[in-house]
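Colleague: Prediction below, plus the sequence it came from.
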Amino acid sequence: MTESNIAVEQSLRFEDGKFVQNDIALENSINIPTSGPHFHEVLNQHQLSLVHDKPNELQMNLGKLCNLACHHCHVDAGPKRTEIMTWEVMEKVLSWAKEANIERADLTGGAPELNPHFRQFCDALIDLGIEITSRCNITVLFEKGQEDLAQWYRDREIRLVCSLPCYTEDNVDAQRGKGVFDKSIAGLQLLNKLGYGKDPKLSLDLVYNPGGAFLPPAQMSLEEDYRRMLGDNFGIVFSNLLAITNIPINRFAHALKRDGELDDYQHLLVSNFNESTVDNLMCKSLINLDWEGRVFDCDFNQMLEIPMSGGEERYLWDIKIDQVAGAPIATNRHCFGCTAGAGSSCGGVLAE
Ligand code: SF4
Ligand code: SF4
């Protein structure tokens with residue numbers, strides 16, 4: 001039996017002459033919702049199934065180390081985490097990416113910049129002609145040893161996606177920790193001074209996510225509010241606002257469960273299922289890697305340790321890019337977080 005056959009059997013099943021989606025059984029389901037319909041049931045009702053397109057992007061989690069420990073963090077990242085991608089793994093990734101003609105790299109963590117090989121890795125990706133997006137929490141710009149980071153980013157014209165879950169101090173500090181709002185504002189002002197958010201080559205996107213168990217408001221009107229509030233109060237400009245739904249896994253799911261809100265939140269996600277988001281789901285166009293180089297369908301599945309396609313655990317260097325197109329995507333109830341309302345991905349909404 002081939003590797004792709006194993007994957008197909010576990011996350012798609014053949015019925016009435018066609019493949020239908022099948023949610024992956026999780027050994028440990030305490031980290032996700034367990035109530036309501038399965039994701040596959042709703043996809044199948046709409047005669048939809050989820051398979052990969054040919055990927056042109058690698059989304060890489062460079063480690064779980066972070067200078068913050070936010071409430072909504074689906075990675076459970078924090079200052080005490082020790083999982084970090086090694087240079088040896090990075091070298092293997094670079095040679096695979098070159099062979100596969102990968103066009104884009106999306107670097108995330110934890111705080112990816114705290115990986116000691118981060119800068120060397122970025123330079124090697126740039127040498128391969130790969131366009132980089134870095135998910136920067138802004139406050140890392142003020143960490144010891146990172147004082148030149150903003151200028152370093154600017155010199156390489158690396159696209160920055162920066163989390164700022166609100167334009168008010170109370171909401172940001174409640175979600176991310178005391179003092180984070182002030183540091184974030186100072187960091188954005190520094191980036192603006194270097195041309196980020198002003199020069200079209202220096203893209204600076206901000207990320208909003210709700211401060212609780214509710215869906216994001218409309219991205220476009222929220223962006224207008226951000227522009228007005230950050231512009232008027234702090235003179236800050238940015239490129240785009242990305243509104244991202246909180247996915248009910250790990251730290252966020254635990255908090256909802258503790259507060260007795262998990263079932264209601266899941267109901268909210270399910271009842272707002274929007275079939276027009278499915279074609280644009282981010283898992284279709286990327287390969288996600290963890291700090292060890294193992295492959296997943298997306299960062300959320302990585303955190304739930306659901307291997308790519310729900311098959312056996314594999315490393316990037318175990319697969320060929322041509323095997324990925326058409327391979328099934330592993331799903332479970334947390335996937336409703338990506339298809340609710342206008343939809344959600346690392347690039348913001350999926351349907352207006
Ligand atoms: S900054 Fe990002 S990675 Fe770090 S704890 Fe907050 S959400 Fe998690
Ligand atoms: S969580 Fe979202 S991105 Fe991940 S597999 Fe499910 S639908 Fe795709």
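Modeller: That came through, no problem. Ligands and ions are numbered 1, 2, ... in the order given.
Colleague: Surely residue 269 is in contact with residue 336?
Modeller: Yes: taking Cβ atoms under 8 Å as the definition, residue 269 is a contact partner of residue 336 at 3.9 Å. C-beta here means a position set from N, CA and C on the backbone, and glycine is covered the same way.
Colleague: Kindly format the C-alpha coordinates of the longest helix belonging to the chain as CSV.
Modeller: Longest helix in the chain by number of residues (criterion: DSSP state H): helix 219-234. The C-alpha atoms that make up helix 219-234 are tabulated as CSV, following Å, rounded to 0.1, in the frame of the first residue of the first chain:
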residue,chain,number,x,y,z
GLN,A,219,-13.1,42.8,8.3
MET,A,220,-13.6,45.9,6.1
SER,A,221,-15.4,48.0,8.7
LEU,A,222,-13.1,46.9,11.4
GLU,A,223,-10.2,48.0,9.3
GLU,A,224,-11.7,51.4,9.0
ASP,A,225,-12.0,51.6,12.8
TYR,A,226,-8.4,50.5,13.3
ARG,A,227,-7.2,53.1,10.8
ARG,A,228,-9.1,55.8,12.5
MET,A,229,-8.2,54.9,16.1
LEU,A,230,-4.5,54.1,15.5
GLY,A,231,-4.1,57.0,13.1
ASP,A,232,-5.8,59.6,15.3
ASN,A,233,-4.4,58.5,18.6
PHE,A,234,-0.9,57.3,17.7
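Colleague: Now do that helix: distance to the chain's middle.
Modeller: 23 Å (Cα atoms, centre = their mean, to the nearest Å).
Colleague: what does stretch 106-125 give?
Modeller: For stretch 106-125, the distance to the chain centre is 15 Å (Cα atoms, centre = their mean).
Colleague: who in the stretch 201-350 of the chain is up against ligand 2?
Modeller: By Cβ under 6 Å from any ligand atom, the part of the stretch 201-350 of the chain that sits against ligand 2 consists of 281, 282, 283, 297, 298, 300, 301, 329, 331, 334, 335, 338.
Colleague: can you pull the contacts of the fifth one?
Modeller: Right, residue 298. Shown in contact with residue 298 (Cβ atoms under 8 Å, 6 or more residues apart in numbering): 59, 282, 283, 286, 288, 329.
Colleague: Looking at these, spot the one nearest ligand 2.
Modeller: Nearest to ligand 2 among those is residue 283, at 3.2 Å by Cβ to the nearest ligand atom.
Colleague: How about the residues of this structure by ligand 1?
Modeller: 66, 68, 69, 70, 73, 75, 77, 109, 110, 111, 137, 163.
Colleague: Quick check: closest non-adjacent residue to whatever residue of the stretch 101-250 of the chain ends up closest to ligand 2.
Modeller: At 6.3 Å from ligand 2, residue 247 is the closest residue in the stretch 101-250 of the chain, using Cβ to the nearest ligand atom. What sits nearest to residue 247 in space, not counting adjacent residues and going by Cβ to Cβ, 6 or more residues apart in numbering, is residue 337, at 3.9 Å.
Colleague: show me what contacts the one you found?
Modeller: Contacts of residue 337 by Cβ under 8 Å, 6+ apart are 245, 246, 247, 248, 269, 300, 344.
Colleague: Pick the one among these closest to residue 292.
Modeller: Nearest to residue 292 among those is residue 300, at 17.5 Å by Cβ to Cβ.
Colleague: Could you measure from the closest residue to that closest one other than its chain neighbours over to ligand 1?
Modeller: Leaving aside its sequence neighbours, residue 300 sits nearest to residue 247 (Cβ to Cβ, 6+ apart; 5.2 Å). With the distance defined as Cβ to the nearest ligand atom, to the nearest Å, residue 247 ends up 12 Å from ligand 1.
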